[in-house]
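A.B. asks: predicted model and sequence below, questions to follow.
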Amino acid sequence: MNTQRMPQRGSSGFSRGGSSRPTRARTGTSFSIAPPSGAGHFRSSGPSRGGSSFSRGGSFSRGSFRGGSAKPFNPKRGFKSDRLDVNLFINKAIVATETEAYVPKHTFADFAIHPELAKNLIKKNYQNPSPIQDQAIPVVIEGKDVIGIASTGTGKTAAFLIPLINKLVNDKSHSVMVLAPTRELAQQIEVEFKSFTQGMKLYSVSCVGGSPIGKQIRELDMGVHIIIGTPGRVKDLINRGKINMSAYGSIVLDEADRMLDMGFVDDMRFILGKMPKVRQGLFFSATFSADIKRLCTEFLNNPVSITIPSRDTSANVEQDVVRFRAVSEKIELLHDLLNQPNAKKVLIFRETKRSVDQLAKELQDRGFKALGLHGDMRNRERARAIESLATDRAQIVIATDVAARGIDIADISHVINYDIPSTYDTYVHRIGRTGRSNKQGLAFTFVPHR
């Protein structure tokens, strides 16, 4: 059996393969963007076309925004145009000092793991665990249930994969189920699993919607140690008699809050309800909502709660707004922003699938290496877009929120909210795609003048 099944590659799909065209001269306007390690402020020498001007964080007084009488924001009610507080989108990046840095209690060498797994961790240059890894791995190795609350980009995947792989290699009769909210996240978890298990003869299958179910069934029939899937497809395979959950002794719910947001609660209950009473459950989430608490109460046995304190948004992400008066000005501001030297790997968010396609075509016509990402695309097209951004064959991916959930691409330089997100939670999730692994990132939100 071939254990190195990687996401399918395709052609780049760019309408123009060359670099983006030079920034066009404008009457009375100039600005530049510095890397996040510097002050990184827009500098405007005069009003841009349409009379707009904008500056980067901290170079203005917060009360100077037009429409400054914004009403207080209620995250549960979401954003409304009549009470938008743009200050939510402005935040200076904070570089952690040595006294602020987390000091792990362990190294990866300290964990009681199988020698083959330890060798693979050394190959991947794993030395000092992140806070969630440092605290969760010993507990999971002991066989206890875990509730892990930590924001995106904190290393949760390794926190559950490493101890579960250790369990699998020591007991090949054990089986593991991992549930994730999107096919992209499930496939990324499988790639990580394969990198951890090279030469260990442990087999996996990604059971996700949008991929041929026949191929997944054939792999299940050949036998696997771990299934990594989305709730809907896993439930379908259970109903077809292809997955027997009574044989699975460990289950992981990764990004449990996102699965609840996406309406998978009934599927999750169905899958969990098919498992044996004696099992190990690991629930990882960025938040601990009432719904997640109920799931934990129903299905976990005396879980160990591990909470990694974090701000709502990463301290590593420099956040600011870009003001525009008209759609024509908006695209020009975006064009100039993307032409800056530090805009190397950019994720742009839009609200609808149609608007994703429109902006992707517009940027391609302007010479940028840009691809779209949304739920109507075929699985191989979505995989191609993610891989192209990850491997620098694309500079830009424009995505909807649903399609982008769970994306974990290293070194994303910018997250741009071309459309204002519907809720603050959505905003936090979007900008969490940058500033990961203690690296700095930039986040811009386009907002109209009032």
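C.D. replies: On my side now, so go ahead.
A.B. asks: please make it C-alpha for all contacts and neighbour counts, starting now.
C.D. replies: Will do.
A.B. asks: need the contact list for residue 427.
C.D. replies: Counting by CA atoms under 8 Å, 6 or more residues apart in numbering, residue 427 makes contact with residue 421.
A.B. asks: so it is in which element?
C.D. replies: Per DSSP states H and E: residue 427 is located in helix 424-431.
A.B. asks: run the chain-centre distance for the next helix or strand after that helix.
C.D. replies: Next helix or strand after helix 424-431 toward the C-terminus (DSSP H and E): strand 441-448. Strand 441-448 has its C-alpha centroid displaced from the chain centroid by 18 Å (CA atoms, centre = their mean, to the nearest Å).
A.B. asks: and if you look at stretch 377-396?
C.D. replies: Distance of stretch 377-396 from the chain centroid (CA atoms, centre = their mean) equals 14 Å.
A.B. asks: that older thread, got the angle for the helix holding residue 427 vs strand 441-448?
C.D. replies: 130 degrees (axes from the mean of the first three to the mean of the last three CA atoms, to 10 degrees).
A.B. asks: now helix 424-431: mean pLDDT?
C.D. replies: Average pLDDT, helix 424-431: 80.
A.B. asks: now swap in stretch 206-220 and tell me
C.D. replies: 94.
A.B. asks: residues of it that come out buried?
C.D. replies: 206-209, 216-217, 219-220 (16 or more other CA atoms under 10 Å).
A.B. asks: please enumerate the helices of this structure.
C.D. replies: Assigned by DSSP state H, the chain shows helices spanning 115-123, 131-141, 156-170, 183-196, 213-222, 231-239, 256-261, 265-273, 290-299, 327-338, 353-365, 379-390, 401-404, 424-431.
A.B. asks: convert the C-alpha atoms of the fifth one to CSV, please.
C.D. replies: These are the backbone C-alpha positions of helix 213-222, laid out as CSV (Å, rounded to 0.1, in the frame of the first residue of the first chain):
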residue,chain,number,x,y,z
ILE,A,213,-16.2,8.0,-2.1
GLY,A,214,-15.3,4.8,-4.0
LYS,A,215,-11.6,5.4,-3.5
GLN,A,216,-12.1,6.1,0.2
ILE,A,217,-14.1,2.8,0.5
ARG,A,218,-11.3,0.9,-1.2
GLU,A,219,-8.7,2.3,1.2
LEU,A,220,-11.0,1.5,4.2
ASP,A,221,-11.4,-2.1,2.9
MET,A,222,-7.6,-2.5,2.7
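A.B. asks: distance of the nearest residue to residue 385 once chain neighbours are set aside from residue 299?
C.D. replies: If the residues on either side of it in the chain are set aside, residue 385 comes closest to residue 371, at 6.0 Å by CA to CA, 6 or more residues apart in numbering. Relative to residue 299, residue 371 is positioned 41 Å away (CA to CA, to the nearest Å).
A.B. asks: more crowded one of those two?
C.D. replies: residue 371 (30 against 18; other CA atoms under 10 Å).
A.B. asks: just put the buried residues of stretch 206-220 in CSV and tack on distance to residue 410.
C.D. replies: Formatted as CSV, the buried residues of stretch 206-220 follow (distance: CA to CA, whole Å):
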residue, distance to residue 410
206, 21
207, 24
208, 23
209, 25
216, 28
217, 32
219, 29
220, 31
